[in-house]
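In: Starting from these lines, generate the structure:
(2 chains)
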Amino acid sequence: MKGPAPSRARGTVLVVDDDRDIVETLCDILELRGWTTLRAYDGQEAVTVAREETPDWIVMDVRMPRLTGVEAVQAIRKVKPNVRVVLMTAFANSDLTSRAERAGVTRVLYKPFEPATLFSVIEEAA
Amino acid sequence: MAARPISLRWLVPAISAVFLAAVVTVFGTIAYRSVRSSTLAGAAERLTTVVQVFAQPPAAPQPWIRELQAVALRPEVLEIIRSNGQRVSDSARAQIASLTPDTGQTLATDIRSANGTVLFAIARADTTASGSPTRAIARPQGDSADLDPRLLAWPTRLTQSYPDTVVLSQLYMSGADVVIERGVPIHDDGRLVGHVIQVRKLAPNPDTRRRLSTLIGKDAAIVVGNRDGSVWSDLEKAVSHPPASNEPQTYERDGRRWISATGPSPNGPWTIGIEFPEDIVLAPVEALRRRLFLIGTIIVVLAVLLAERLSRRLTVPLQGLTSAAEELAAGNRTPVVATLRTDEIGRLSRAFDAMAHSIRTSQDTLEYQIGERTQELEAALARLKAAQDELVRQERLATLGHLSGSIAHELRNPLGVMMNAVFYLESVLGDAPPRVREHLTKLRNQVGLSASIITGLLDFTRTGQPQLSTVTVQQLLDEHLARVTVPASISVNRDISPNVPPVRVDAVQVGQILVNLFTNALQAMEGGPGVLTVRARRHGDNVRIEVSDTGPGIPTEERDRIFEPLYTTKARGIGLGLSISRSLARVNDGELTVVAQSDSGATLALDLPAAVGQPAQVAS
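Out: Below is the predicted model:
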């Protein structure tokens, strides 16, 4: 990975996690890759931000206070049906995967994951 | 102090002996007593008869009466009375001397007046100790004026011409002699004026002796005494004798017991006694007693011998039975009494043998049953222990899984942050000095390693309900061999039998097992060349997948322990891999074991249930 390419405007990513360090570091590296980032720290806030802004991708934790990732996805789908979603979780199980698929989630990533994995999902899809 | 019990063997003879001895003694005594008393009674009766015979008066007057009467009628004797003893002619003296012969029996001959005064006497001199002739008789002096009080008139049969009375005295003692006086009256013109008296010692009469011996036997004796019993003589000397009685009596004299019957004498105012020594009378009775004793003793001895024999016939087999029973009680299992007897003892012995036999049989049965039960119990105990061990293992595993899962989760976010941060730093520090970039690389590698460790840990904690699907072994092995990094120094040898059926398992869980087995095998061969061999073949209703390495192998004593949670031989690792792998194998109806192997390296075998009639799904 040689040098950032900030000039290349790839789109907007909403990063949602109750762990602020996750949000900060992910946003930093996404910006290095040329993404515009939005930040939210729980599911409810994510719904609000998604309604007000127009993110192309939402990268969101599953287990969060107030509203879980899956519930937030379902809420956001109602206002932004076309937004694409990557869910992050520390608790891998097949039940979650199937629910996420029904909710129209593009991919479920298990923490911790290499940033390159995330890039391969959102940059190739784009 | 406990009395030692007496054996029946001796008790029965002893009791018989005592009883018989008592019976024999009682009957013997009764018989002896009755024979004795009847013998004594018979003797007494004979004595009484003899006394009656002797009491018969003599047929003819006794000679002495005529002799004395001849002298009493002489005128010169009358002259002595008339002259009051002053005139004694030679003729008279000679007449009187003729009545006093020197035989020793007549002590003196007196001419006495009617009142007892001795007018003239001729005495026979006794030779006494002093040697001088003495008057041997001491006459009792009467005080009657008329008649000599000592003399009693005694009727006797005399001639018609002479008064038919004589006089006789009681017995009395004169010195050591028993004497009597006898005499005839002297009449002067029809008037009693005096007596001619002989004083005589009592002496045995041979004729009397002969008669007695004839009548009753030579041991018989005759005694004479006064009727009042004051003096008694056996005709030689004075003797003691009880007074006369109408009944026969027994008394002791001269150290002997005598039976005596008494009766009046026909010859004077006396009593005669006919006697017989009791011991002579009782001699046959005593002989009978000795015989009775002998017979009784023989009877008792014979009875004892018989009783002993009888009781031995009873007690000897009883002792045999007793010792057999004691042997049986002491644990000897083969005591046999065995008898041919057909009586009660024989029946008892056979019953005992039958009982001992059935005891042996039931003991054998019991021991066999106990042995069986013991084996069953031991097997059940072993199963229980195995189940308990498994439960403990599962419990420990669950606890550890829960704990490690929690820790792993908590580390996921920090590791994610670290990964992102490293990525960012590497991106922005592209121009940094090589040393900085080296450090960043190390950091990225270590974070990656940490992530893989906790990912593995989390995988193992998921031993929940398996989601069964049918998959081919080939698929499983291909997919999961690809997940491990095989160093260049290690070659992989795949040996998969073509007829291996598909398996029906949770593919994810079995994948975790396989990755763990591959990882362990590779780590065992770390730092050197080696071969990882994977075999798969049908194994009964199962499919067996064997994973072998060429590492140091597993010591025999550790083969069971490697499945225990937290057991590890690695420098790194927490020792949950094989434990969790076995649990995963079991929830998939499979088993994970160590294959015993002699050469180097370790082989673990994973048995998985073969799918029956289900086509394998194509892996997604």
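In: how about the residues of chain B that lie near chain A?
Out: In this structure, chain B approaches chain A at residues B:409, B:412-413, B:415-421, B:423-424, B:426-428, B:430, B:447-448, B:451, B:455, B:458, B:462, B:467, B:508, judged by C-beta under 8 Å from any C-beta of the partner chain. C-beta here means a position set from N, CA and C on the backbone, and glycine is covered the same way.
In: again, only using 7 Å
Out: Counting by C-beta under 7 Å from any C-beta of the partner chain, chain B comes close to chain A at B:409, B:412-413, B:415-417, B:419-421, B:423-424, B:426-427, B:430, B:451.
In: Please pick the buried ones from the residues you listed.
Out: B:409, B:412-413, B:415-417, B:419-421, B:423-424, B:426-427, B:451 (16 or more other C-beta atoms under 10 Å in any protein chain shown).
In: Quickly check the residues you listed for the two that are furthest apart.
Out: When C-beta to C-beta is used, the two most widely separated members of those are B:His409 and B:Ser427, lying 28.2 Å apart.
In: what packs against the helix or strand bottoming out on mean pLDDT in chain A?
Out: Least confident helix or strand of chain A, by mean pLDDT, DSSP states H and E, is helix A:94-102 with a mean of 78. The elements that helix A:94-102 packs onto, with contact taken as 3 or more C-beta pairs under 7 Å, 6 or more residues apart in numbering or on different chains; DSSP states H and E, are strand A:107-110.
In: Check which element follows the strand it packs on along the chain.
Out: Beyond strand A:107-110 on the C-terminal side, the first helix or strand identified by DSSP states H and E is helix A:115-125.
In: contacting residues around B:Trp270?
Out: Applying C-beta atoms under 7 Å, 6 or more residues apart in numbering or on different chains to B:Trp270 gives the contacts B:Leu171, B:Val224, B:Gly225, B:Asn226, B:Arg227.
In: So B:Val508 belongs to a helix, correct?
Out: Yes - applying DSSP: H, G, I helix; E, B strand; the rest coil, one finds B:Val508 inside a helix.
In: give me the number of residues near it?
Out: With neighbours defined by other C-beta atoms under 10 Å in any protein chain shown, the count for B:Val508 comes to 14.
In: got any ranges where the chain has weak pLDDT?
Out: Since you didn't name a chain, this refers to chain A. Residues of chain A meeting the criterion pLDDT under 70: A:1-9, A:92-94, A:125-126.
In: I was thinking of chain B, sorry if that wasn't clear
Out: B:1-4, B:59, B:125-164, B:333-335, B:456, B:458-464, B:566, B:569-575, B:597-599, B:613-620.
In: again, only using 50
Out: B:1, B:127-146, B:157-162, B:617-620 (pLDDT under 50).
In: residue of it with the smallest distance to chain A?
Out: B:Asn420 (3.4 Å; C-beta to the nearest C-beta).
In: number of nearby residues for B:Thr165?
Out: Other residues close to B:Thr165 by other C-beta under 10 Å number 15.
In: Name the residues linked to it by a beta bridge.
Out: B:Pro155 (DSSP bridges).
In: and the lengthiest helix in chain A, which residues are buried?
Out: The residue-count maximum for a helix in chain A (DSSP state H) belongs to helix A:20-32. Buried residues in helix A:20-32, counting neighbours by 16+ other C-beta under 10 Å, are found at A:Ile22, A:Val23, A:Glu24, A:Thr25, A:Leu26, A:Cys27, A:Asp28, A:Ile29, A:Leu30, A:Leu32.
In: From these, list the ones also adjacent to chain B.
Out: Within the buried residues of helix A:20-32, those near chain B by C-beta under 7 Å from any C-beta are A:Ile22, A:Thr25, A:Leu26, A:Asp28, A:Ile29, A:Leu32.
In: Closest one to chain B out of those, please.
Out: Using C-beta to the nearest C-beta, those come closest to chain B at A:Thr25, 3.4 Å.
In: The closest one contacts B:Asn420, correct?
Out: Yes - contact criterion C-beta atoms under 7 Å: A:Thr25 and B:Asn420 qualify, at 3.4 Å.
In: Tell me which of the contacts of B:Trp270 fall in strands.
Out: Among the contacts of B:Trp270, the members found in strands (DSSP state E) are B:Val224, B:Gly225, B:Asn226.
In: one step back: specify the angle between the longest helix of chain A and helix A:115-125 in degrees.
Out: 50 degrees (axes from the mean of the first three to the mean of the last three C-alpha atoms, to 10 degrees).
In: Columns secondary structure on top of the buried ones among the residues of chain B next to chain A, output as JSON lines?
Out: Shown next, in JSON lines, are those (three-state DSSP):
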{"residue": "B:His409", "secondary structure": "helix"}
{"residue": "B:Arg412", "secondary structure": "helix"}
{"residue": "B:Asn413", "secondary structure": "helix"}
{"residue": "B:Leu415", "secondary structure": "helix"}
{"residue": "B:Gly416", "secondary structure": "helix"}
{"residue": "B:Val417", "secondary structure": "helix"}
{"residue": "B:Met419", "secondary structure": "helix"}
{"residue": "B:Asn420", "secondary structure": "helix"}
{"residue": "B:Ala421", "secondary structure": "helix"}
{"residue": "B:Phe423", "secondary structure": "helix"}
{"residue": "B:Tyr424", "secondary structure": "helix"}
{"residue": "B:Glu426", "secondary structure": "helix"}
{"residue": "B:Ser427", "secondary structure": "helix"}
{"residue": "B:Ala451", "secondary structure": "helix"}
